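[1] Build me a model:
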Amino acid sequence: MLTGEAVCRASKNASASGNCSRIRRTKASGRLCAVSCPFEDIILYLRANIMKMRIEENFNLRAYNTFALDCRCRYFIESDSEEELLELASSYDLEPDKILLLGGGSNFLFTEDFDGTVIYPTIGGIAVVREDEESVWVKAGAGVVWDDFVAWSVEHGFFGVENLSLIPGHVGAAPVQNLGAYGMEAADAVYEVEAVDIQGACRVTLSAADCCFGYRDSIFKHQWKNKYIITSVVFRLKKRGEFRLDYGSIRAELEKAGGDVSLQSVRKAVIRIRRSKLPDVEEMPNAGSFFKNPVVPLRVAEEMKREAPDMPVYPLDGESAKLAAGWLIEQAGWKGKTLGQAGVHDRQALVLVNRGNATGLEITRLANEIKKSVFMRYNVWLEPEVNIL
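    The predicted structure follows:
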């Protein structure tokens, strides 16, 4: 056994661009289990010393992925305590390729069993930690359901996440995926991320700049994949804000409901839109948008628009534009189609569904066929938004 401070090892490749800001770290102290122990012995140690932590072996993940796929992991660890997760990191030198950090399971497609350890943080709580005349800083636990956080923010009159209503998943996954919808994304509101450094066995605080956000992307999906267990996220929300109503059909939906524009009415409009287009995961398992909306040079988008005037195009920065993946898939003839037990939703072509007992491989094959069809027709390559394992 080791006693003393766990020394944080410096992060390598701090960002994709190499210029992320300095990370604040808090060293842990206490009794650590020797890192040379076999992991089976660590499991026994954790069970004996951390009674609240849930630890399962050969665990079925069907209820922990929204595709409802039957797959298993070697070990499953669930904890609602940052201290417990820090103890876990202090107890064993976990290999990044042998762990999987799981939130709501709405962004994973399992194609086989996972021969490693799934870590499932369920830390709760939402609280204002700071405020000034214009903004509030709100801290939410990684295990908080994302839409519960959005509902809380709207109820308290805070702007910044209302367009992100009804997106599945947990708060801890928001900065990883940089979730977004209707002209808004998590990066707009994330102020900092609190986490446990798995290799360094210490607490870290990561700024929004450290996260290197991109379109449905962040450094947590690349250099920092499986490096940090996110325990909470601090969001900077506005006390007064401007509504974003011109993306999708939000404005039309508001007018249909009487024209009132408020945080509550915008949230309700987004929820109505999503429910009208997207299947309920309880009735038809899915992971929401399966593909990213492709970004192409603006001149390419303009050429495509001339050939198909009804094609949705969203200019970004004067040099590039975003295309609607769902529209491309629908035009390629895939809307409502089925391949085995995997299918394309009949109201939203961007959503792939499990129509019964589909396997992850079936859904992957369907996705690959769609990608080929869209490429052959439009010379545009679709990238999955879902993480395929």
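
[2] Of all the helix elements in the chain, which one is longest?
    The longest helix of the chain (DSSP state H) is helix 360-378.

[3] Give me the distance between the next helix-or-strand element following that helix and the centre of its chain.
    Note on helix 360-378: by DSSP states H and E, the next helix or strand toward the C-terminus is strand 387-388. Counting by C-alpha atoms, centre = their mean, to the nearest Å, strand 387-388 is centred 11 Å from the centre of its parent chain.

[4] Could you spell out the sheet neighbours of strand 387-388, each with its direction?
    The strands beside strand 387-388 in its sheet (DSSP bridges) come out as strand 108-109 (parallel).

[5] From the chain's centroid, how far away is the partner strand?
    11 Å.

[6] Stretch 379-389 too?
    Distance, stretch centre to chain centre, for stretch 379-389: 15 Å (C-alpha atoms, centre = their mean).

[7] Go through that stretch and flag the buried ones.
    Buried positions in stretch 379-389, judged by neighbour count with 16 or more other C-beta atoms under 10 Å: 380, 382, 384-386. Every residue, glycine included, has its C-beta placed from N, CA and C.

[8] How confident is the prediction for residue 38, by pLDDT?
    pLDDT for residue 38: 53.

[9] which residues does the closest residue in space to residue 341 that isn't next to it in sequence contact?
    In this structure, residue 341 finds its nearest non-sequential neighbour in residue 358, 3.7 Å apart by C-beta to C-beta, 6 or more residues apart in numbering. Counting by C-beta atoms under 8 Å, 6 or more residues apart in numbering, residue 358 makes contact with 67, 69, 340-342.

[10] Residue 358 and residue 349, how far apart?
    As judged by C-beta to C-beta, to the nearest Å, residue 358 and residue 349 stand 17 Å apart.

[11] what's the answer for residue 89, then?
    Between residue 89 and residue 349 the distance is 42 Å, computed by C-beta to C-beta.

[12] Also residue 273?
    16 Å.

[13] circling back: now render the buried residues of stretch 379-389 as TSV, adding distance to residue 85 and pLDDT.
    What follows is the buried residues of stretch 379-389, written out as TSV (distance: C-beta to C-beta, whole Å; pLDDT from 0 to 100):
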residue	distance to residue 85	pLDDT
380	41	92
382	35	94
384	29	91
385	27	87
386	25	85
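
[14] From those residues, pick the one nearest residue 175.
    Closest approach between the buried residues of stretch 379-389 and residue 175, by C-beta to C-beta: residue 385, at 15.2 Å.

[15] from what I can see that closest one touches residue 109, true?
    No. Residue 385 is not in contact with residue 109 according to C-beta atoms under 8 Å; the separation is 10.4 Å.

[16] So, low pLDDT: which residues of the protein?
    Scanning the chain for pLDDT under 70 picks out the ranges 1-51, 92, 96.

[17] just to revisit the earlier point, which residue of residue 273 and residue 349 possesses the greater neighbour count?
    Set side by side, residue 273 and residue 349 show more neighbours around residue 349, with 25 against 19, by other C-beta atoms under 10 Å.

[18] mind listing what the more buried one touches?
    Residue 349 makes contacts with 326-327, 329-330, 334-335, as judged by C-beta under 8 Å, 6+ apart.

[19] Tell me the secondary structure at the closest residue to residue 330 other than its chain neighbours.
    Nearest residue to residue 330, sequence neighbours excluded (C-beta to C-beta, 6+ apart): residue 349, at 4.2 Å. On the three-state scheme (DSSP: H, G, I helix; E, B strand; the rest coil), residue 349 is labelled coil.

[20] same thing with residue 139?
    Put simply, residue 139 is strand when judged by three-state DSSP.

[21] quick one: it and residue 237 touch, right?
    No. If you go by C-beta under 8 Å, residue 139 and residue 237 don't touch, sitting 11.3 Å apart.

[22] neighbour-wise, which of those two wins?
    When residue 139 and residue 237 are compared for neighbours, residue 237 comes out ahead with 22 against 18, by other C-beta under 10 Å.

[23] Does that one have any beta-bridge partners, and if so which?
    Going by DSSP bridges, residue 237 forms beta bridges with residue 136.

[24] what residues are up against it?
    Taking C-beta under 8 Å, 6+ apart, one finds 135-138, 153, 158-161, 189 in contact with residue 237.

[25] which among the residues you listed gets closest to residue 228?
    Distance to residue 228, by C-beta to C-beta, is smallest for residue 189 among these, at 19.4 Å.

[26] burial count for that closest one?
    Using other C-beta under 10 Å, residue 189 has 23 neighbouring residues.

[27] ok, now residue 304?
    Counted with other C-beta under 10 Å, residue 304 comes out at 18.

[28] same thing with residue 220?
    24.

[29] same deal with residue 284?
    16.

[30] Let me see the contact set for it.
    345, 353-355.

[31] The contacts of residue 349: which two are farthest apart?
    Farthest-apart pair in the contacts of residue 349 is 327 and 334; separation 11.4 Å (C-beta to C-beta).

[32] So for these two, which residue has more residues nearby?
    Between residue 327 and residue 334, counted using other C-beta under 10 Å, residue 334 has the larger neighbour count: 21 against 18.

[33] Excluding covalently adjacent residues, which one is nearest to that one?
    Nearest non-adjacent residue to residue 334, counting by C-beta to C-beta, 6+ apart: residue 344, 4.8 Å away.

[34] so residue 138 touches residue 131, yeah?
    No. Using C-beta under 8 Å, residue 138 is not in contact with residue 131; the gap is 9.1 Å.

[35] more neighbours, those two?
    Ranked by neighbour count (other C-beta under 10 Å), residue 138 and residue 131 place residue 138 first, with 25 against 14.
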